[in-house]
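[1] sequence and computational prediction follow.
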Number of protein chains: 2
Amino acid sequence: MALSRRVRESIENASWIRRMFEAGAALRAQHGPQSVCDFSLGNPDVEPPAEFQEALAQIVATPMVRKHGYMPNAGYPEVRACVAEQVSREQGVRLTGDSVVMSCGASGAMNSVLKTLLDPGDEVIVSLPCFMEYVSYVDNHGGKLITVPSRADFDLDVEAIAARLTPRTAAIIINSPNNPTGRIYPEETLRKLAATLREARPRIGRTVYIIADEPYRKLTYDGASVPGIMALYPHSIVATSYSKDLSLPGERIGYAAICPEAEEAKLLLDGVVLCTRILGYVNAPALMQRVVARLQGLSVDTEIYRRKRDLFCGALAAMGYQFTVPRGAFYIFPRAPGGDDLAFVKALQEELTLVVPGRGFGLPGWFRIAYCVDTPVIERSFPAFRKVMAKLGR
Amino acid sequence: MALSRRVRESIENASWIRRMFEAGAALRAQHGPQSVCDFSLGNPDVEPPAEFQEALAQIVATPMVRKHGYMPNAGYPEVRACVAEQVSREQGVRLTGDSVVMSCGASGAMNSVLKTLLDPGDEVIVSLPCFMEYVSYVDNHGGKLITVPSRADFDLDVEAIAARLTPRTAAIIINSPNNPTGRIYPEETLRKLAATLREARPRIGRTVYIIADEPYRKLTYDGASVPGIMALYPHSIVATSYSKDLSLPGERIGYAAICPEAEEAKLLLDGVVLCTRILGYVNAPALMQRVVARLQGLSVDTEIYRRKRDLFCGALAAMGYQFTVPRGAFYIFPRAPGGDDLAFVKALQEELTLVVPGRGFGLPGWFRIAYCVDTPVIERSFPAFRKVMAKLGR
């Protein structure tokens, strides 16, 4: 037995997103790449904004000493200061660079934060449906993920969360705009969550941190915006990336920002810096740190995503699919016609069209469409969605 | 108590390299940056080879679809194929891209490999003195680092390693050229180690993997070369980076390569890919993958390091310091005059000169010089080394 038991099991139970990705590769090999409509992966198709290419080319052309060398594990001080300015604007709380740790994407930030917070057996609450990598991220550090179903409208169910708070609860992860639902949690809900955590404190004997995973913050439509959690609850940490708003997921660049008013904020920061080092990230990639510093507040043209969303939602609604039009991210999360998400996904796959079953996010009976693909692919998929609805949607 | 107990303790027991780094920052602030001679950090001062800048500029200028997007977690297939060609040359074993996983530096590769191999309580053996981050890397995944003193000449003590093999031994880490000693393990020693592991197999009931951490492979002097472990022992994994040979430590780019003849090689590969994802690295940075693919076999001009080494070693020998002239990496590891490494480092620090005490590598009584700094800094430090030798070296 070469492999760790846990890793061996994880390989056998490959994630649904991964399985669909592999199914797509097989179908493309068999039928040709043009014949497959793949909505399984959240890999942005919109190019980074023009300013990105300009900044990158300029920084690459500028001679600097030890340009690709080590810097402090937290990142370049001047980069952290730029990020802090923007986070202050978004969160409604004044941060300096001392509250920011540059990271290898949101997943790097999330793992460093979780390792900092978790003792073995500590619990982390998340609302379902959710991005299932959270299970691994919490498990990596000896914690246990506690899943709580969301409300029917995919808003947080604060009462249900309250009922799961215990002396082992270390943190709650909120992901807004949400993957897979596209839901933006309203300020009212977040206020209620904050009040609930404050009230629970004496009873459970500890401060529960909110970890906000918000890579889709800038991808919102119809005038929607994402409330800043730090202004509502001081014990908050933002763990996020530039993967989606600047279309840079392959470059692994993001950050963790700790609300300066959080309990033990300074020690938390030291912990996240230490964990960035000892988890083997060491530091966020040097070149991309310098690039994103110049692009604070920018994002790809969200109108492109809005048009794709409207096109897809319009067609699906006309076919009889049931869903709420998402106001953020680039996912649609409809009910699976017939109620069995696996049967639906399989039927759609026979039509060379790939989506991820809801159980891949902890909610069977639904499915996720990632519409961050070329518009012609979206259009080409409509007959398949229509056909499978006719077949299963009775 | 916001922080995990373990992380809290780790912060309190900050690594010696880190402490010296912070002492350096404080001294620079107090006395001016020019007055401090800092040999504490292995941050290469030699610029990347000219080909690096050319490849980077060219790739940045070339339009590509989803150039900064996700790719398979293992890396771009064409990049993996290029790396496999070079690893085949170095290791004397034929690898294809299917045996390579691109990683966030050697530390990312090492963590993914260790998580793949280790069940809770499994042991990993390493020879002392060593890079102390190994303790964290093994601990991250529930393992236990077993340290075995090296021989007096800093070669591996294979008999001592044999005595520590148990049914819990999952792996041995070898780091050659070594940090901190600069020692290159001879082929004869590695053959003996391989034979020992083969013989132990029936007794301990498991295959022990060798993990070769070799970021200094190309930084060798006086005609020395580093034997390929894969040709000597099939159950071998190379976990390494371009940080030192291309002077890119800030960019976090490296790889894990698994010997195709290793036991369960295919499953190991799947495990390392999975762990790359779930540990939150997700993939090695996209742009740097494409850059290093074009630079296989290249390295910085090692003559620059050789000259620094010779300058430093010549001066230290003349002052009476005791050490073996290292034939690899960019470290010198002398005995601390007087025998107390802490007293020595402190005395040197009073002269605004920073080195790391041997206990930071698990071997008190010695100290490490990282000579990857500007030559004038090396020259400026000689009076301090002379003065402290006069003071403590009796």
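    Sure thing, it's come through. Numbering: from 1, shown residues only, chains lettered A, B, ... in the order given.

[2] sketch out the low-pLDDT regions of chain A for me.
    A:1 (pLDDT under 70).

[3] please repeat the previous calculation with a cut-off of 80.
    A:1-2, A:11-19, A:21-22, A:394 (pLDDT under 80).

[4] could you pull out the strands for it?
    A:37-38, A:100-103, A:123-128, A:144-149, A:169-174, A:209-213, A:236-241, A:254-258, A:331-332, A:353-354, A:356-357, A:367-370 (DSSP state E).

[5] out of those strands, flag the one nearest B:Glu350.
    strand A:100-103 (32.9 Å; C-beta to C-beta). C-betas here are computed from N, CA, C, even on glycine.

[6] residue contacts, A:Arg290?
    A:Ile59, A:Tyr76, A:Val79 (C-beta atoms under 8 Å, 6 or more residues apart in numbering or on different chains).

[7] may I see the strands of chain A arranged in CSV, with distance to chain B as well?
    Compiled in CSV, the strands of chain A are given as follows (distance: least, C-beta to the nearest C-beta, whole Å):
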stretch, distance to chain B
strand A:37-38, 13
strand A:100-103, 9
strand A:123-128, 12
strand A:144-149, 13
strand A:169-174, 9
strand A:209-213, 7
strand A:236-241, 10
strand A:254-258, 10
strand A:331-332, 15
strand A:353-354, 15
strand A:356-357, 15
strand A:367-370, 11
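
[8] reformat those as CSV; add distance to B:Thr166.
    Converted to CSV, the strands of chain A look like this (distance: least, C-beta to C-beta, whole Å):
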stretch, distance to B:Thr166
strand A:37-38, 48
strand A:100-103, 37
strand A:123-128, 34
strand A:144-149, 30
strand A:169-174, 35
strand A:209-213, 39
strand A:236-241, 39
strand A:254-258, 39
strand A:331-332, 49
strand A:353-354, 47
strand A:356-357, 44
strand A:367-370, 47
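
[9] so which of these comes closest to B:Ile174?
    strand A:100-103 (30.3 Å).

[10] partners of that closest one, with directions?
    Take DSSP bridges as the rule and strand A:100-103 pairs in its sheet with strand A:254-258 (antiparallel).

[11] in helices, which of the contacts of A:Arg290 fall?
    If you go by DSSP state H, the contacts of A:Arg290 have A:Ile59, A:Val79 in helices.

[12] most neighbours among the contacts of A:Arg290, which one?
    A:Val79 (25 neighbours; other C-beta atoms under 10 Å in any protein chain shown).

[13] hey, C-alpha coordinates of stretch A:53-64 in CSV?
    Only the C-alpha atoms of stretch A:53-64 are listed here, as CSV (Å, rounded to 0.1, in the frame of the first residue of the first chain):
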residue,chain,number,x,y,z
GLN,A,53,-1.7,42.7,-20.7
GLU,A,54,-0.3,46.3,-20.5
ALA,A,55,0.7,45.9,-16.9
LEU,A,56,2.2,42.5,-17.4
ALA,A,57,4.2,43.5,-20.5
GLN,A,58,5.5,46.7,-18.8
ILE,A,59,6.6,44.9,-15.6
VAL,A,60,8.2,42.1,-17.7
ALA,A,61,10.2,44.8,-19.6
THR,A,62,11.3,46.7,-16.5
PRO,A,63,14.7,45.7,-15.1
MET,A,64,14.6,45.1,-11.3
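
[14] ok, that stretch near chain B or not?
    Yes: using C-beta under 8 Å from any C-beta of the partner chain, stretch A:53-64 reaches chain B at A:Gln53, A:Leu56, A:Ala57, A:Val60, A:Ala61.

[15] how about the residues of the stretch 251-394 of chain A by chain B?
    So the stretch 251-394 of chain A meets chain B at A:251-252, A:262-264, A:267-268, A:270-271, A:274-275, A:277-288 (C-beta under 8 Å from any C-beta).

[16] just the buried ones among the residues you listed, please.
    Burial by neighbour count, judged by 16 or more other C-beta atoms under 10 Å in any protein chain shown, picks out A:251-252, A:262, A:264, A:267-268, A:270-271, A:274-275, A:277-288 from those.

[17] the residues you listed in helices, which ones?
    Of the positions in those, A:Leu267, A:Leu268, A:Asp270, A:Gly271, A:Leu274, A:Cys275, A:Arg277, A:Ile278, A:Ala286, A:Leu287, A:Met288 sit in helices, assigned by DSSP H.

[18] between those, which sits nearest A:Phe361?
    When those are compared against A:Phe361 (criterion: C-beta to C-beta), the nearest one is A:Cys275, at 26.7 Å.

[19] that closest one and A:Ala109 touch, don't they?
    No: assessed by C-beta atoms under 8 Å, A:Cys275 is found out of contact with A:Ala109, at 10.0 Å.

[20] closest one of the ones in helices among the buried ones among the residues of the stretch 251-394 of chain A next to chain B to B:Pro202?
    Of all those, B:Pro202 sits closest to A:Ile278, with 35.9 Å by C-beta to C-beta.

[21] residue contacts, the closest one?
    Counted by C-beta under 8 Å, 6+ apart, A:Ile278 has contacts B:Ser10, B:Glu133, B:Ser136, B:Tyr137, B:Asn140.

[22] out of the residues you listed, which touch chain A?
    Okay, of those touching chain A (C-beta under 8 Å from any C-beta), that's B:Ser10, B:Glu133, B:Ser136, B:Tyr137, B:Asn140.

[23] so which of the residues you listed is the most crowded?
    Going by other C-beta under 10 Å, B:Tyr137 tops those with 26 neighbours.

[24] contacting residues for the closest residue to A:Gly328 other than its chain neighbours?
    Leaving aside its chain neighbours, A:Gly328 sits nearest to A:Pro177 (2.6 Å; criterion: C-beta to C-beta, 6 or more residues apart in numbering or on different chains). By C-beta under 8 Å, 6+ apart, the contact list for A:Pro177 reads A:Arg183, A:Ile184, A:Glu214, A:Tyr216, A:Arg217, A:Leu219, A:Thr220, A:Val226, A:Pro326, A:Arg327, A:Gly328, A:Ala329.

[25] need phi/psi at A:Pro177.
    When read as degrees, to the nearest 10, the backbone of A:Pro177 gives phi -50, psi 150.

[26] buried residues in stretch A:160-171?
    By neighbour count with 16+ other C-beta under 10 Å, stretch A:160-171 contains the buried residues A:Ile161, A:Ala162, A:Leu165, A:Thr166, A:Arg168, A:Thr169, A:Ala170, A:Ala171.

[27] dump the residue contacts of the residue lying closest to A:Ile161 once chain neighbours are set aside.
    Take A:Ile161 and drop its neighbours on the chain: the residue closest to it by C-beta to C-beta, 6+ apart is A:Val148, 5.3 Å away. By C-beta under 8 Å, 6+ apart, the contact list for A:Val148 reads A:Ile125, A:Val126, A:Ser127, A:Leu128, A:Asp157, A:Ala160, A:Ile161, A:Arg164.
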